[in-house]
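Colleague: got a predicted structure here, sequence first:
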Amino acid sequence: MRITCVGGGPAGLYFSVLAKLADPSHEITVLERNPVGVTWGWGVVFWDDLLDDLFRYDKVSAERIWESARKWDEYEVRATGKPVTHLAGYGFSLGRHRLLEILAERALELGVTISYQDELSDIAALPPADLVVACDGARSRIRDSAAEHFGAEVEVASNKYIWLGTPHVFDTFTFGFEKTPAGWIWFHAYPFNSSTSTFIVECQPSTWAALGFDSLDARAGTAKLQEIFAKHLGGQPLIDHRAEVGGTGWLNFRRVTAQRWDHGNVVLMGDSAHTTHFAIGSGTKLAMQDAMALADAVASRDALPVALERYEHRRKAALAPLQKAARASSAWFERFEEYADLPAKRFSYALSNRRGEYATWRYLLHMSTQTRVLRTVLRWTLSARRWSRARKRPVTPGRPMLTNTA
């Protein structure tokens, strides 16, 4: 089968790997608009459920991702006028650039062709293929060139946000809320290697305008944010790569949902089919799980239309609860003032339970584990659980069990 993937992000590259593993005779080409090694974004986050899937589908790339990842075993919550509190939980992250490097390297090893600086936006202009996978992002040109068939709907969230980076390395995933004369503004930050952290800033539109971000260019806006969050940055700067090309990186989140994911031999995958708010950190995870499901469908003995239909049904069923959770999570931040005056422990619990799905015992556990001793016990328990889970994953013969907790 001749397969063309339009978009060289995690979804397209990982699908090409899995499709090649399933059938080495496939002729697979990935078309990427950016030059090799160039990507927007900083770090991406995962959890162990995705890691389990990665090891099950391709343990070679999974081992490389795990070895490159930065791990954490709790969340820290900081807010003006409140003592620091902590949330139970663990995850891992790595730079988007490093993730793409790993997946591209693996794809090339398997015989996939990757064409960089290849800007194709019209289905009619694509080279002949039995299957075209549109994984070219939330503003997919392939999807939009046949908009009447895919039925994409876009809902724009009200809050403003911007993706930044910083050489300040946070100890763990950190939420920080700062009260300014113009209103509250906050960040979601996490380390993704030994020298850099992702730093996402978010606020309500009234605060954004009152702070003057509507009239500041990227450099001035970044400098102002650096001043607002100075006590969290340890003397390090904030970095906005878009400042180098002008304009501003401030955005409103776009919730994309496509009513139909396939049209003839074209199928949507990742952000071109759906987007999930960054507040639950699942965008890359869902894109790579799309790739797994599509690879399974293509490897089946079904005719292509049947296989693509099965892929769509499988993924929509899996996405539904996460999309519901993401909406609840983003709505919590849009109504932030309702929670801002809560005492520290109740505030951080409200943040952690912003999807509204926890049982009472989670509240009791949270309230009782804010002391150092009990928090340490909980972290040990979670670390033991992670170690036990890792023991069950397959590893390449001759390689040691991966237990890195850096």
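Modeller: That came through, no problem.

Colleague: enumerate every residue touching residue 99.
Modeller: 10, 44, 65, 68, 284 (Cβ atoms under 8 Å, 6 or more residues apart in numbering). C-betas here are computed from N, CA, C, even on glycine.

Colleague: can you pull the contacts of the last one?
Modeller: Residue 284 makes contact with 10, 44, 45, 46, 96, 99 under the criterion Cβ under 8 Å, 6+ apart.

Colleague: for the first one, same thing?
Modeller: When the contact criterion is Cβ under 8 Å, 6+ apart, the partners of residue 10 are 44, 96, 99, 100, 103, 270, 284, 287, 288, 291.

Colleague: now, which of those sits nearest residue 109?
Modeller: Each of the contacts of residue 10 was scored against residue 109 by Cβ to Cβ, and residue 103 proved nearest at 10.7 Å.

Colleague: so how far is residue 193 from the closest one?
Modeller: Using Cβ to Cβ, to the nearest Å, residue 103 is found at 17 Å from residue 193.

Colleague: more neighbours: which of these two?
Modeller: Between residue 103 and residue 193, residue 103 has the larger neighbour count (other Cβ atoms under 10 Å), namely 29 against 17.

Colleague: I figured the more buried one hits residue 14, correct?
Modeller: Yes: using Cβ atoms under 8 Å, residue 103 makes contact with residue 14 at a distance of 5.6 Å.

Colleague: common neighbours of the two, please.
Modeller: Counting by Cβ under 8 Å, 6+ apart, the shared contacts of residue 103 and residue 14 are residue 61.

Colleague: ok, back up a step: give me the subset of the contacts of residue 284 lying in helices.
Modeller: With helices defined by DSSP state H, the entries of the contacts of residue 284 inside them are 10, 96, 99.

Colleague: can you lay out these as TSV showing pLDDT and distance to residue 207?
Modeller: Output for the ones in helices among the contacts of residue 284, formatted as TSV (pLDDT from 0 to 100; distance: Cβ to Cβ, whole Å):
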residue	pLDDT	distance to residue 207
10	95	32
96	93	28
99	96	33
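
Colleague: residue 123: which of these is nearest?
Modeller: If you rank the ones in helices among the contacts of residue 284 by distance to residue 123 using Cβ to Cβ, residue 10 comes first, at 22.6 Å.

Colleague: tally of neighbours for residue 148?
Modeller: Counted with other Cβ under 10 Å, the neighbours of residue 148 add up to 6.

Colleague: for it, grab phi and psi.
Modeller: phi -70, psi -20 (degrees, to the nearest 10).

Colleague: run through the stretch 251-400 of the chain and note the low-pLDDT ranges.
Modeller: Residues of the stretch 251-400 of the chain meeting the criterion pLDDT under 70: 395-400.

Colleague: and residue 35, helix, strand or coil?
Modeller: Secondary structure for residue 35, judged by DSSP: H, G, I helix; E, B strand; the rest coil, is coil.

Colleague: how about the contacts made by it?
Modeller: Contacts of residue 35 by Cβ under 8 Å, 6+ apart are 116, 117.

Colleague: one step back: could I get the contacts of residue 10 as a markdown table with distance to residue 31?
Modeller: Below are those laid out as a markdown table (distance: Cβ to Cβ, whole Å):
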| residue | distance to residue 31 |
| --- | --- |
| 44 | 22 |
| 96 | 19 |
| 99 | 19 |
| 100 | 14 |
| 103 | 15 |
| 270 | 15 |
| 284 | 20 |
| 287 | 17 |
| 288 | 19 |
| 291 | 16 |
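
Colleague: so residue 144 makes contact with residue 152?
Modeller: Yes: counting by Cβ under 8 Å, residue 152 is a contact partner of residue 144 at 7.3 Å.

Colleague: who's more crowded, these two?
Modeller: Neighbour comparison, residue 144 and residue 152: the larger count goes to residue 152, with 20 against 15 (by other Cβ under 10 Å).

Colleague: ok, what's across the strand from that one?
Modeller: With DSSP bridges applied, residue 152 shows beta-bridge pairing to residue 258.

Colleague: you'd agree it is up against residue 257?
Modeller: Yes: applying Cβ under 8 Å, one finds residue 152 in contact with residue 257, separated by 7.1 Å.

Colleague: now do the end-to-end distance for stretch 105-123.
Modeller: Length of stretch 105-123, first residue to last, Cα to Cα, to the nearest Å: 27 Å.

Colleague: how far does it sit from the chain's center?
Modeller: Averaged C-alpha coordinates place stretch 105-123 at 22 Å from its chain's average position (Cα atoms, centre = their mean, to the nearest Å).

Colleague: what's the farthest-apart pair in the contacts of residue 10?
Modeller: Within the contacts of residue 10, 96 and 291 form the most distant pair, 15.8 Å apart (Cβ to Cβ).

Colleague: who's more crowded, those two?
Modeller: Using other Cβ under 10 Å, the more surrounded residue of residue 96 and residue 291 is residue 291, with 27 against 19.

Colleague: quick check: closest non-adjacent residue to the more buried one.
Modeller: With sequence-adjacent residues excluded and distances taken as Cβ to Cβ, 6 or more residues apart in numbering, residue 291 is closest to residue 15, at 3.8 Å.

Colleague: low pLDDT regions in the stretch 1-150 of the chain?
Modeller: By pLDDT under 70, the low-scoring segments of the stretch 1-150 of the chain are 121-122.

Colleague: okay, strands next: where are they in it?
Modeller: Taking DSSP state E, counting those that start in this stretch as the test, the strands found in the stretch 1-150 of the chain are 2-6, 27-31, 43-46, 70-79, 82-95, 113-115, 131-134.

Colleague: what about residue 345, neighbour count?
Modeller: For residue 345, the tally of surrounding residues (other Cβ under 10 Å) stands at 18.
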